[in-house]
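J.: Give me a model of this one.
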Amino acid sequence: MGFSWHPVQLTIFVSACATMITFFIGLIAAYIMVKKNIKGKAIIETLFFLPLVLPPTVIGFLLIVIFGNNSTIGQVIEKIFGQSLLFTVPAAIIASVVVSFPLMYQSIKTGFLSVNQSIIDAAKDLGATNHQILLKIIIPLSTKSIITGIILSFTRAFGEFGATLMFAGNIPGKTQTISTAIFFSIESGQTVNAWYYVGISILFSFILLFISNRVKVKQ
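T.: Below you'll find the predicted structure:
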């Protein structure tokens, strides 16, 4: 089987969707963790960062347990949509969200913590609501950190392999991403195809990390 652009297109699509989801989740989580007094904050943050240290196969296994055909959530999804979540594109997106979330959360949190508290206090004295402060002060002043988080999360999702393989599978033309295409190209002796995918992956990752470093330098 020759080289196909489908894994490249799917990887970009999955990474973009995962990044958008992690952005909103990370934004909310970072704001709550920075601005609210929550009991067990250390435990919650430890859970947030677990995907960075857990083997991808463990993450994939947990996703199957939570969303698989034998789980309550999985059965509800199957009743609503008429099919299982396993071995689908949404499964690949969920796997990418889980593994890339910690990077987004940490970057946004760092940006929020860098905002001078006196500016926030002054805005409160002038009658600004928490919602206005978040949208008009905190987020604009954290833009560079947020951009870094977006780039790093996209890059992490772009290179995801283990959890995606277990949860979404490797179905050519359906759920096969660049990472799984590389693995199975090598396994089947199609080294040339593997090199194509490797080259594309390195190029994308280099460009994104270069942009991220440029943003950091300008901070």
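
J.: What average pLDDT does the lengthiest helix in the chain get?
T.: Using DSSP state H to define each element, the chain has its longest helix at helix 6-35. Taken as a whole, helix 6-35 has a mean pLDDT of 95.

J.: which helices and strands sit right next to that helix?
T.: helix 41-53, helix 89-114, helix 143-158, helix 178-187, helix 191-217 (3 or more C-beta pairs under 8 Å, 6 or more residues apart in numbering; DSSP states H and E). C-beta here means a position set from N, CA and C on the backbone, and glycine is covered the same way.

J.: tell me what the first one is packed against?
T.: What it means is helix 41-53. helix 6-35, helix 89-114.

J.: Let's see that with 7 Å instead.
T.: When contacts are defined as 3 or more C-beta pairs under 7 Å, 6 or more residues apart in numbering; DSSP states H and E, helix 41-53 sits against helix 89-114.

J.: try the last one
T.: Packed against helix 191-217, as judged by 3+ C-beta pairs under 7 Å, 6+ apart, are the following elements: helix 143-158, helix 178-187.

J.: just so I know, which of the helices and strands packed on helix 6-35 lies nearest Phe13?
T.: helix 89-114 (7.7 Å; C-beta to C-beta).

J.: could you point out where the protein is predicted with low confidence?
T.: For the chain, the stretches with pLDDT under 70 are 1, 216-219.

J.: Could you rerun that using 90?
T.: 1-4, 35-42, 68-70, 74, 78-84, 116-117, 119-135, 187-189, 204-205, 208-219 (pLDDT under 90).

J.: residue contacts, the residue sitting nearest the centre point of the chain?
T.: Residue closest to the mean C-alpha point of the chain, counted by C-alpha atoms, centre = their mean, is Ser100 at 3.0 Å. Going by C-beta atoms under 7 Å, 6 or more residues apart in numbering, Ser100 touches 18-19, 22, 153, 156-157.

J.: go on, Ile108?
T.: Ile108 touches 26-27, 30, 142, 145-146, 149, counting by C-beta under 7 Å, 6+ apart.

J.: Spatially nearest residue to it (excluding sequence neighbours)?
T.: Ala30 (4.1 Å; C-beta to C-beta, 6 or more residues apart in numbering).

J.: Quick check, the one you found in contact with Tyr105.
T.: Yes. Ala30 is within contact range of Tyr105, at 5.8 Å (criterion: C-beta atoms under 7 Å).

J.: Compare these two (neighbour count), which wins?
T.: Ala30 (26 against 23; other C-beta atoms under 10 Å).

J.: which residues touch the more buried one?
T.: Ala30 touches 105, 108-109, 112, counting by C-beta under 7 Å, 6+ apart.

J.: Can you add distance to Gly74 and give the helices and strands packed on helix 6-35 back as JSON lines?
T.: Shown next, in JSON lines, are the helices and strands packed on helix 6-35 (distance: least, C-beta to C-beta, whole Å):
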{"stretch": "helix 41-53", "distance to Gly74": "20"}
{"stretch": "helix 89-114", "distance to Gly74": "11"}
{"stretch": "helix 143-158", "distance to Gly74": "22"}
{"stretch": "helix 178-187", "distance to Gly74": "22"}
{"stretch": "helix 191-217", "distance to Gly74": "31"}
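
J.: That'll do, ta.
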